[in-house]
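1. Would you be able to build a 3D model of this:
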Amino acid sequence: MKKLTKIGVSALAGSLAAVAANAGELSVSGSAVMSYTSQSGTNTTQGGGIGMKNNMTFSGSGDVNGMTVTYTNVLSDSAGVSSSNIAIDMGDNGVLELDQGVGGNGIGAIDDMTPTAWEESWDGHAGTGPDFVGAGSQNVIQYTNTIAGLGVNAMYDQSVNDTANADGNQNGVGSTSTASGSAASVAITLPALVDGLAAGLGYGESSVKNGTTTSTDRTSVTGYANYSMGPVTVGLNQSETSGGAGGAVTQSTEGLGIVFNVNDDLSVSYSQMTNDHRNTSGTADVEEESTAISVAYTMGGATLAIQSSEQDNANGSTAASADTDRTEINLSLAF
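-> Modelled structure (predicted):
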C-alpha cells in the first residue's frame with residue numbers, strides 16, 4: 001500500500017462543525033486480475049475466455065473525539081464507485097459501520113467457511129452456494145466487537161434490495177421480492193477451545209414487505225467447524241434457509257473441504273458442497289452438488305491459482321444444461 005499524501009483537518013463543515021478532528025491520512029491500494037476460463041455444459045460447450053478486472057481502493061482515517069474514523073472507497077474497472085464504507089472504531093465498545101457494497105456483514109461474514117486453497121467449489125457456476133437472508137451490503141449498519149472471547153458481527157438492513165443513497169436521501173423502493181422488508185443477522189465466532197479449532201454460528205431473518213399477505217418471514221441458520229493440524233486443515237459447513245412465498249423452496253447446504261499446505265507458498269485443496277432444494281409445493285426435492293480441486297501458489301503480492309470444478313443440478317434444476325464443468329486459471333496482483 002502506497003501513501004499518496006497526508007491531509008490536515010482543522011474543522012469539519014456543515015452539521016459536523018462542532019466535532020473536533022485531528023490530522024488524518026489517505027492511502028491507496030490496488031489489485032489487478034487476469035484469467036482464462038473454460039466452461040462447458042452437458043449439451044453445449046461455452047468455450048474459453050480471457051478476461052481481466054482491476055480495483056483501486058482509497059482509504060482515509062483520522063481521530064475524531066478519541067475515536068478512529070475510517071472511510072473506504074473502491075473504484076471498479078470503469079472508474080465508477082463499486083463500494084464504500086464508513087467505520088467508527090470506538091475501542092473496547094466495538095466498531096460501528098455504514099456499508100454500501102463492501103459486504104461481510106452479519107451472517108454474511110461466515111457464508112461459506114469450507115476450507116479451500118482458493119475459491120469455493122461453486123465459484124463461477126450458476127448455483128451460487130448458500131442462500132442467506134440478513135447478508136446484504138447496501139445501506140447496511142454493521143456492529144463488530146469481541147465480547148468474552150466471542151467474535152460478534154451483527155447487521156441491520158432497513159430495506160432489503162434498496163439502492164445506494166447520498167446523504168439526506170431516502171432508501172430506494174427495492175424490488176418486489178418477498179424479502180423486500182427489513183433484515184437483521186448476527187454471526188458469532190467461538191474462541192479456540194481446542195488448539196487448531198475454529199468454529200462459528202450465524203442466524204439471519206428478513207421480514208416480508210409491507211402489504212404482502214402470501215409470504216412469511218425468511219430465516220437462515222448456519223454453523224461451521226474447521227480444524228488445523230500441521231499442514232492440513234479439514235472443515236465442515238452446514239446451513240438452512242426457509243420461509244418466503246407459499247410453496248417456496250427450503251435450501252439446506254452441507255460443505256466439506258480439506259487443504260494441504262505443501263509449504264508457505266503452495267497449497268492444494270478438495271472441496272464439495274451439496275445444496276438440497278426441498279420444494280414445499282409438492283414437487284420432488286433436488287440435490288445440487290458442486291465439487292472442486294484447487295491449487296494456489298503465492299509469490300509476494302502475486303497469486304497464481306488453478307481450479308477445476310463441476311456442478312450438477314444448478315439452482316435445483318434437473319435440466320441437462322444445469323450440469324457444468326469449469327476450469328479457471330487466475331493470476332492476481334496486489335499492490
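2. got any ranges where this protein has weak pLDDT?
-> The chain contains residues with pLDDT under 70 at 1-23, 42-48, 78-80, 163-180, 209-215, 245-248, 280-282.
3. ok, 80 please
-> For the chain, the stretches with pLDDT under 80 are 1-25, 41-48, 77-81, 161-181, 208-216, 244-249, 279-283.
4. Give me the most central residue, it.
-> residue 104 (4.8 Å; CA atoms, centre = their mean).
5. The stretch 1-150 of the chain: strands as residue ranges?
-> 2-7, 21-41, 45-64, 67-75, 81-89, 95-100, 138-147, 150-157 (DSSP state E, counting those that start in this stretch).
6. any idea which of the ones you listed is most buried?
-> strand 150-157 (a mean of 20; mean count of other CB atoms under 10 Å). In this view, the C-beta of every residue, glycine as well, is placed from N, C-alpha and C.
7. The helix or strand just after that one pairs with which strands, parallel or anti?
-> Past strand 150-157, further along toward the C-terminus, the next helix or strand under DSSP states H and E is strand 183-190. Take DSSP bridges as the rule and strand 183-190 pairs in its sheet with strand 150-157 (antiparallel), strand 197-206 (antiparallel).
8. isn't residue 204 right up against residue 134?
-> Yes. Using CB atoms under 8 Å, residue 204 makes contact with residue 134 at a distance of 2.7 Å.
9. Have a look at the two and say which one is more surrounded.
-> Set residue 204 next to residue 134 and count neighbours by other CB atoms under 10 Å: residue 134 wins out with 30 against 27.
10. thinking the more buried one is in contact with residue 207, fair?
-> No. With contact defined as CB under 8 Å, residue 134 does not reach residue 207; the gap is 10.5 Å.
11. so what's in contact with the two at the same time?
-> Shared contacts of residue 134 and residue 207, defined by CB atoms under 8 Å, 6 or more residues apart in numbering, are found at residue 183.
12. still on that earlier bit, what sits in contact with each of residue 204 and residue 134?
-> In contact with both residue 204 and residue 134: 106, 107, 183, 184, 185, 220, using CB under 8 Å, 6+ apart.
13. Could you give the number of residues near the first one?
-> Read that as residue 106. Counted with other CB under 10 Å, residues neighbouring residue 106 total 32.
14. Okay, and the beta partners of residue 219?
-> Per DSSP bridges, the residues bridged to residue 219 are residue 205, residue 242.
15. Next one: it from residue 132, what distance?
-> Distance of residue 219 to residue 132, given as CB to CB, to the nearest Å: 10 Å.
16. What of residue 273?
-> Distance check for residue 273 against residue 132: by CB to CB, it reads 14 Å.
17. who has more neighbours, those two?
-> More crowded of residue 273 and residue 132, by other CB under 10 Å: residue 132, with 28 against 24.
18. Pretty sure the more buried one sits against residue 108.
-> Yes. When contacts are counted by CB under 8 Å, residue 132 is listed as touching residue 108 (6.4 Å).
19. what do those two both touch?
-> Jointly contacting residue 132 and residue 108 under the rule CB under 8 Å, 6+ apart are residue 185.
20. Residue 112 - how many residues pack around it?
-> 23.
21. nope, residue 313 is what I was after
-> Counted with other CB under 10 Å, residues neighbouring residue 313 total 19.
22. how close does it sit to residue 319?
-> Computed with CB to CB, the distance linking residue 313 and residue 319 is 9 Å.
23. go on, residue 56?
-> Separation of residue 56 from residue 319 (CB to CB): 40 Å.
24. what do you get for residue 197?
-> Applying CB to CB, one obtains 41 Å for the distance of residue 197 from residue 319.
25. before we move on, what about residue 154?
-> Separation of residue 154 from residue 319 (CB to CB): 39 Å.
26. Might you report the residue contacts of residue 273?
-> 112, 114, 120-122, 129, 237, 253-256, 289-290.
27. Separate out the buried members of those.
-> Among those, the ones that count as buried by 16 or more other CB atoms under 10 Å are 112, 114, 120-122, 129, 237, 253-256, 289-290.
28. Report the beta-bridge partners for the closest residue to residue 316 other than its chain neighbours.
-> Ranked by CB to CB, 6 or more residues apart in numbering and with sequence neighbours excluded, the top spatial neighbour of residue 316 is residue 277, at 3.2 Å. Beta-bridge partners for residue 277, by DSSP bridges, are residue 251, residue 286.
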